[in-house]
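Asks: sequence first, predicted coordinates after that:
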Amino acid sequence: MKLVVRVKLLPTPVQAAALEATLHACNQAATWAAGVAFEENARRPLELRKHAYAEVRARWGLGAQAAQHAIKKTCDAYTTLKANLRNGRYGRPRTKRHARASGKPVVFRPQAAQPYDDRMLSWQHQARTVSIWTTAGRLKNVAFTGQAEQLAVLAAHRKGESDLVCQGGKWFLIATCEIPEGDLNTHPVGFVGVDLGIVNGRFPLSVDTLIIGS
């Protein structure tokens, strides 16, 4: 079972400035890559990488992993847009709303979330600090905090990417955790049921009737 843990970062002013510059650079690069993807009809990571990878690294100073994540984020955005168009979220084809959504490149907000993998981010759980890549170099000893239960889950089960997010001037890492599911109970004792107000024969049960058996 996958769940996410929201961890609050407590950066110093200097660290916060580096994080902000990094987020802006990654999203500027992703917006530029989205324009290339639109013009070249290259909306899969491998295809877009051929057109955008070198420029993204050179122009915005992104490391190899950050550049690849910016490109993948762009492709994921187009995949989501395509699904929304197909499902009618932007109205029917040939309507103005549909044309506006499909007729221009994707644009990312300056503070949109940026994915980090284990080569860009490392956790020191006992010290409650992280080491995180930025365009200004790797920041070490960035403090973090959170509820004790959440931090315990984070330390025991974190796996995969974490998203760097800035919301209301506060910094967070949204970390993915994967928790093993327990074995199914093949010999349950008793049951619990809630009546949905369905009439069965001559004796309907009220909507709020709770049925418990053992």
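Replies: Yes, it's here. Residues are numbered from 1 along each chain as shown.

Asks: which SS state does the most centrally placed residue in the chain fall under?
Replies: Residue closest to the average C-alpha location in the chain (CA atoms, centre = their mean): residue 163, at 5.7 Å. With DSSP: H, G, I helix; E, B strand; the rest coil as the basis, the three-state label of residue 163 is strand.

Asks: so how far is residue 104 from it?
Replies: Applying CB to CB, to the nearest Å, one obtains 25 Å for the distance of residue 163 from residue 104. All C-beta spots, glycine's among them, are computed from the backbone N, C-alpha and C.

Asks: before we move on, what about residue 111?
Replies: The span separating residue 111 from residue 104 equals 21 Å under the rule CB to CB.

Asks: give the buried residues for stretch 77-94.
Replies: Across stretch 77-94, burial judged by 16 or more other CB atoms under 10 Å covers 77-78, 81, 90.

Asks: and if you look at stretch 45-55?
Replies: 45, 48-49, 51-53.

Asks: could those residues go into a markdown table alongside secondary structure?
Replies: Output for those, formatted as a markdown table (three-state DSSP):
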| residue | secondary structure |
| --- | --- |
| 45 | helix |
| 48 | helix |
| 49 | helix |
| 51 | helix |
| 52 | helix |
| 53 | helix |
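
Asks: pLDDT-wise, what's the bottom of the buried residues of stretch 77-94?
Replies: Taking pLDDT as the measure, the buried residues of stretch 77-94 have their low point at residue 90 (94).

Asks: could you look up the SS state of the nearest residue to that one once chain neighbours are set aside?
Replies: Across the structure, with CB to CB, 6 or more residues apart in numbering as the measure, the residue nearest residue 90 apart from its sequence neighbours is residue 101 (4.1 Å). With three-state DSSP as the basis, the three-state label of residue 101 is helix.

Asks: what pLDDT is listed against residue 101?
Replies: 94.

Asks: how about residue 37?
Replies: The pLDDT attached to residue 37 in the predicted structure is 98.

Asks: the helix or strand containing it packs against which elements?
Replies: Here residue 37 is covered by helix 13-40, with elements defined by DSSP states H and E. When contacts are defined as 3 or more CB pairs under 8 Å, 6 or more residues apart in numbering; DSSP states H and E, helix 13-40 sits against helix 45-60, helix 64-86, strand 114-116, strand 129-134, strand 137-145, strand 158-167.

Asks: shaky segments in the protein?
Replies: By pLDDT under 70, the low-scoring segments of the chain are 182-214.

Asks: at 50 what do you get?
Replies: By pLDDT under 50, the low-scoring segments of the chain are 202-214.

Asks: for the residue nearest to residue 120 when sequence neighbours are not counted, give the beta-bridge partners.
Replies: Using CB to CB, 6+ apart and skipping residues adjacent in sequence, the residue nearest residue 120 is residue 133, 4.2 Å away. The bridge-partner assignment for residue 133, based on DSSP bridges, gives residue 138.
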